[in-house]
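Chemist: return atomic coordinates for the entry below.
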Amino acid sequence: MTDEILTLKEVAGYLKLAEKTAYRLAADGKLPGFKVGGSWRFKREDVFAWIEDQKSNNKG
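Modeler: Purely as a prediction, here's the structure:
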């Protein structure tokens with residue numbers, strides 16, 4: 001299995017966000033994630049793709 005799954009805390013740390021902010025982004029569908037047993041999880045590759053998308057959307 002090559003897909004690494006990250007927790008909300010790990011994603012928040014990587015993005016340098018407060019956990020509350022990362023939770024809100026995920027709950028609003030703005031940050032790609034899924035719930036497992038009520039806890040948010042994120043595929044590392046989806047988070048990287050989301051970052052690239054944010055970079056291209058914020059140009060101009």
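Chemist: for the closest residue to residue 35 other than its chain neighbours, helix, strand, or coil?
Modeler: Spatial nearest neighbour of residue 35, excluding adjacent residues (CB to CB, 6 or more residues apart in numbering): residue 41 at 7.2 Å. C-beta coordinates here come from the backbone N, C-alpha and C atoms, glycine included. Following DSSP: H, G, I helix; E, B strand; the rest coil, we place residue 41 in the strand state.
Chemist: dump the residue contacts of residue 41.
Modeler: Neighbouring residues of residue 41 by CB atoms under 8 Å, 6 or more residues apart in numbering: 5-8, 33-35.
Chemist: let me know the closest of those to residue 24.
Modeler: Distance to residue 24, by CB to CB, is smallest for residue 8 among the contacts of residue 41, at 10.7 Å.
Chemist: and the angle for the longest helix seen in the chain with strand 39-43?
Modeler: Counting residues, the longest helix found in the chain (DSSP state H) is helix 44-57. Relative orientation of helix 44-57 and strand 39-43, computed by axes from the mean of the first three to the mean of the last three CA atoms, to 10 degrees: 70 degrees.
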